[in-house]
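Engineer: Show me the folded form of this:
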Amino acid sequence: MATSKPLDLVRMTATELQDLLEDGKLTSVELIKETLAQIDRHNTKGLALKALISTASEDILITRAAELDDERTRKGSRGPFHGLPVLVKDVINTHPNLGMPTTLGSYSLLTAKVSKNATIIDKMIEQGMIIVGKTNLNELSSWKSMGPMNGWSAVGGQTNSAYVNGGLEPHDGVMGHSNPCGASTGSAVGVSAGFSPVALGTEVDGSLVQPAARAALYAMKPSIGATELGGMFTVSEEFDSLGSMAKSTLDLARMTELVLNPEARSKLPKDGYLSYLRRDFAGLKVGFVDPEQWRWPDSVQPQKDNTREQMKQTYLATMKLVENNGGKTVFPVTIPPVSEYMIDGQPCTILAIRHVFKTNLEKYLAALSSSEVRTANELIQYNKRYASKELPPDFPEQDRLVDTIKNPINAEQYQEAVAVCRQVSRENGIDKALSESNIDLLAFPMDSPCPRVAAAAGYPIATMPIGTLDYNGRPFGLAIISKAGREDVMFSFMSAFEANSEPRAVPPTLVD
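Structural biologist: I've put the predicted structure just below:
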C-alpha cells in the first residue's frame, strides 16, 4: 500500500479516502482489496453482520479499480467519488455484467435478470464509483410482512448491528434497542462496518433514516419526486424516494446531489448543496417537539435501564447546542400525533400504497429479462412452494403481501387516504408549525414515529448522530424535517451540527 498507515475503513469518510487517492498515497486497487478483506472478515464471518446479500467478484472489481487508477494518472479525477466503493440496496437494478443479482431479498428473484442498470447506477459509474455490493433489507421493502424484526430477508438472513454485542435480543420489539431497523438495513450497517464509505437506500416511512440513525450515520430522504427512481423497485412512486447515507455531512451533500433527477438538480446552485454547508447555526430557527409526546410506546420499544431518559436528555442537550452556537429554538412545537394519520386502523400512507402496490410490483416483474415469477400471485405461490426458505419458523408470514393483493382499495379510497395524509401532515402539521412559529425546520427524536410525518407530506427528512445508549452501545439520532425542496436549510443545520459536535461513534468491536 502506498500509504504507510493501515486504512481505518470504519472511520474514514469518502472525502478522506479521496484525498489519499489524489495525493498518491493510495490506489483504488488497494482500496478495493482492503474493502473486500473487511467484508470477508465481518459479513458472514466474525461479527456475522449479514449486511450484504451479494458482492461483485474480485476480478470484476479489481479490473474496474485498475482502469480508474490508470484514468486518474492519465486524465485526472472524474470527481469526489472517483475510484471509491459504494453499496446499494438490493432493490436497485444492476446489470449482470456488474456481477450481482437484484433480488429484493426474495429467492424467487435470485436467478432473475435485468436488462439494464438503474438510472442511478449508471450515474454513479459515470462518476467513477465502484459498485461493490448489494445490501440486505426487509424483504420486498417491508411489503412481504411486518415481521418481529427489521433487516431480515429470505436471501440475506438477519442483518445485525455492528454496535450491539450478540446481535438481536429475543422479543426485543420491532423498534427495540438491539434492532438495526429497516428496510434499508444492510446499507446502514455496511457503512458503519467499513464495507463502504457511502451507500444508497430507499424510503417511504423511515426505511432509510431509522437504520442510518442506529449506525451513527448522516442520512437524508429527499423530497418526493426529486430523485432518480428509474430501473428500481419502488412500492409507490407517490411516497418512495431514493436516498443516501454517509459518515459526514459533506459526503451526504454530494451523494444527495447525485441522486437528484435533472429537474431537481437544475434548481440548485453550481456547487449544489455544498453552497449551504456552514459551521454555525446563525440565522437558523428550529422548532423542537416534546420528546415525551414523540417517542415509541413500550409495546414497540421496550425500555431497558435508563434508555428513555438518556435519549430524552441528549435530545434536549442538542437543542441547547443549537442555542449556544448562534441558532434560535422554539420549544415545544406541537403538530398532530400519528394517531390522526389513521384510517380504519391503518396509516394513511400504508392504505394509499395498497392501491398501487400490485401494479408497481407487476410492472417491475414484467420488465425483467427473465424471472421465475411475473405476477404477485405467482410470487405468493412461490413462497408457499418453497416455504422452508421463504417462510421459515422465525419469519413464517407473507400476510401484508397476501392481504394487499386480496383486499385492494379502490381509487376513491386511495384519494381519501392521500387527502388525509396531506391535510394532517402539511396544512395541520408541518406547514402550520413552520408558519406560526416562524421556524425553518422541525426537530424530533429519531426514536419516534416522526418519519411518518415526512412520508405523509412527501417532505424531506434527515438524521444525524447525537449519542449512544449506555445500555448496549447502539447509536441514536436527531431527525429534522422541512418543506419540499428545502434540503438546503437542512444541510445548513446538519453541517453546523457536525461542526459543533463530538465525532460520530464507531463500533468498538471494529476498531483498536
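Engineer: can you count the residues close to Asn165?
Structural biologist: Using other Cβ atoms under 10 Å, Asn165 has 13 neighbouring residues. All C-beta spots, glycine's among them, are computed from the backbone N, C-alpha and C.
Engineer: my read: it touches Thr509, true?
Structural biologist: Yes - at 7.0 Å, Asn165 counts as touching Thr509 under the criterion of Cβ atoms under 8 Å.
Engineer: pLDDT score assigned to Leu250?
Structural biologist: At Leu250, the model reports a pLDDT of 98.
Engineer: what sits against it?
Structural biologist: Contacts for Leu250 (Cβ atoms under 8 Å, 6 or more residues apart in numbering) come out as Thr13, Thr15, Leu274, Leu277, Ser495.
Engineer: in the stretch 151-300 of the chain, which spans are strands?
Structural biologist: For the stretch 151-300 of the chain, strands defined by DSSP state E, counting those that start in this stretch occupy the ranges 152-153, 157-158, 198-203, 218-221, 241-246, 285-288.
Engineer: Select, out of these, the one closest to Tyr382.
Structural biologist: Nearest of those to Tyr382, taken as Cβ to Cβ: strand 152-153 at 14.4 Å.
Engineer: rewinding a little: of the strands of the stretch 151-300 of the chain, which stretch is the most buried?
Structural biologist: Ranked by mean neighbour count under mean count of other Cβ atoms under 10 Å, these are led by strand 218-221, which reaches a mean of 32.
Engineer: ok, that one: who's next to it in the sheet?
Structural biologist: strand 241-246 (antiparallel), strand 461-468 (antiparallel) (DSSP bridges).
Engineer: Present those as CSV; the columns should include distance to Asn150 and mean pLDDT.
Structural biologist: Listed next are those as CSV, based on distance: least, Cβ to Cβ, whole Å; pLDDT from 0 to 100:
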stretch, distance to Asn150, mean pLDDT
strand 241-246, 15, 98
strand 461-468, 15, 98
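Engineer: Could I get these in a markdown table, plus columns for distance to Glu340?
Structural biologist: Output for the strands paired with strand 218-221, formatted as a markdown table (distance: least, Cβ to Cβ, whole Å):
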| stretch | distance to Glu340 |
| --- | --- |
| strand 241-246 | 23 |
| strand 461-468 | 18 |
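Engineer: Identify whichever of these lies nearest to Lys285.
Structural biologist: strand 461-468 (17.1 Å).
Engineer: does Val114 really touch Thr102, like I thought?
Structural biologist: Yes - counting by Cβ under 8 Å, Thr102 is a contact partner of Val114 at 5.7 Å.
Engineer: These two - which one has more neighbours?
Structural biologist: Using other Cβ under 10 Å, the more surrounded residue of Val114 and Thr102 is Thr102, with 29 against 22.
Engineer: Quick check: pLDDT value at Ala2.
Structural biologist: Predicted confidence (pLDDT) at Ala2: the value is 54.
Engineer: wait, I meant Gly147
Structural biologist: Per the predicted model, pLDDT is 73 at Gly147.
Engineer: That one: how many residues sit nearby?
Structural biologist: Neighbour count for Gly147, taken as other Cβ under 10 Å: 20.
Engineer: Kindly confirm my reading that it is in a strand.
Structural biologist: No - counting by DSSP: H, G, I helix; E, B strand; the rest coil, Gly147 is not found in a strand; it is coil.
Engineer: List the residues that contact it.
Structural biologist: Applying Cβ under 8 Å, 6+ apart, the residues near Gly147 are Asn138, Phe395, Glu397.
Engineer: Isn't the second one up against Ser145?
Structural biologist: The one in question is Phe395. Yes - with contacts counted by Cβ under 8 Å, Phe395 reaches Ser145, the gap being 7.1 Å.
Engineer: Going by neighbour count, list what's buried in the strand or helix carrying Arg422.
Structural biologist: Using DSSP states H and E, Arg422 sits within helix 411-422. For helix 411-422, burial by neighbour count (16 or more other Cβ atoms under 10 Å) applies to Gln413, Tyr414, Glu416, Ala417, Val418, Val420, Cys421, Arg422.
Engineer: Now do the last one against Asp431, distance only.
Structural biologist: Counting by Cβ to Cβ, to the nearest Å, the gap between Arg422 and Asp431 amounts to 10 Å.
Engineer: Repeat that for the first one.
Structural biologist: Distance, Gln413 to Asp431, using Cβ to Cβ: 25 Å.
Engineer: cool, the third one as well?
Structural biologist: Here Glu416 is placed at a distance of 20 Å from Asp431 (Cβ to Cβ).
Engineer: pLDDT averaged over the helix or strand Thr318 falls within, what's the number?
Structural biologist: Using DSSP H and E, Thr318 falls within helix 307-324. For helix 307-324, mean pLDDT is 98.
Engineer: who does the helix or strand just after that helix touch, helix- and strand-wise?
Structural biologist: As assigned by DSSP H and E, the chain's next helix or strand after helix 307-324 is strand 328-330. Judged by 3 or more Cβ pairs under 8 Å, 6 or more residues apart in numbering; DSSP states H and E, the packing partners of strand 328-330 are strand 285-288, helix 307-324.
Engineer: Alpha carbons of the shortest one, as PDB, please.
Structural biologist: Spelled out, that is strand 285-288. Taking Å, rounded to 0.1, in the frame of the first residue of the first chain, the C-alpha atoms of strand 285-288 are listed here in PDB:
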ATOM      1  CA  LYS A 285     -34.600  29.000  13.800                       C
ATOM      2  CA  VAL A 286     -35.600  25.400  14.800                       C
ATOM      3  CA  GLY A 287     -38.700  24.100  16.400                       C
ATOM      4  CA  PHE A 288     -38.200  21.100  18.700                       C
END
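Engineer: What's the mean pLDDT across that strand?
Structural biologist: Rounded mean pLDDT across strand 285-288 is 98.
Engineer: strands paired with it, and their directions?
Structural biologist: Partners of strand 285-288 in its sheet, by DSSP bridges: strand 328-330 (parallel), strand 441-445 (parallel).
Engineer: Packed most tightly, which of these would that be?
Structural biologist: strand 441-445 (a mean of 26).
Engineer: Where neighbours are concerned, which of the contacts of Leu250 has the most?
Structural biologist: Ser495 (25 neighbours).
Engineer: sec struct for that residue, please.
Structural biologist: State at Ser495, reduced to three classes by three-state DSSP: helix.
Engineer: give me every residue that touches it.
Structural biologist: Counted by Cβ under 8 Å, 6+ apart, Ser495 has contacts Thr249, Leu250, Ala253, Tyr276, Leu277, Arg278, Arg279.
Engineer: ok now do the fifth one, which residues does it touch?
Structural biologist: This means Leu277. Residues in contact with Leu277 (Cβ under 8 Å, 6+ apart) are Thr249, Leu250, Ala253, Phe491, Ser492, Ser495.
Engineer: Nearest to Val91 among these?
Structural biologist: The nearest member of the contacts of Leu277 to Val91, counting by Cβ to Cβ, is Ala253 at 23.7 Å.
Engineer: So what's the residue count around the closest one?
Structural biologist: Count around Ala253 with other Cβ under 10 Å applied: 26.
Engineer: Next, count neighbours for Ala66.
Structural biologist: For Ala66, using other Cβ under 10 Å, the count is 15.
Engineer: Excluding covalently adjacent residues, which one is nearest to it?
Structural biologist: Val29 (5.5 Å; Cβ to Cβ, 6 or more residues apart in numbering).
Engineer: again with Val356
Structural biologist: Ser236 (5.1 Å).
Engineer: I'd say that neighbour and Asn360 touch.
Structural biologist: Yes - using Cβ under 8 Å, Ser236 makes contact with Asn360 at a distance of 6.4 Å.
Engineer: quick one: low-confidence ranges for this structure?
Structural biologist: The chain contains residues with pLDDT under 70 at 1-4, 148.
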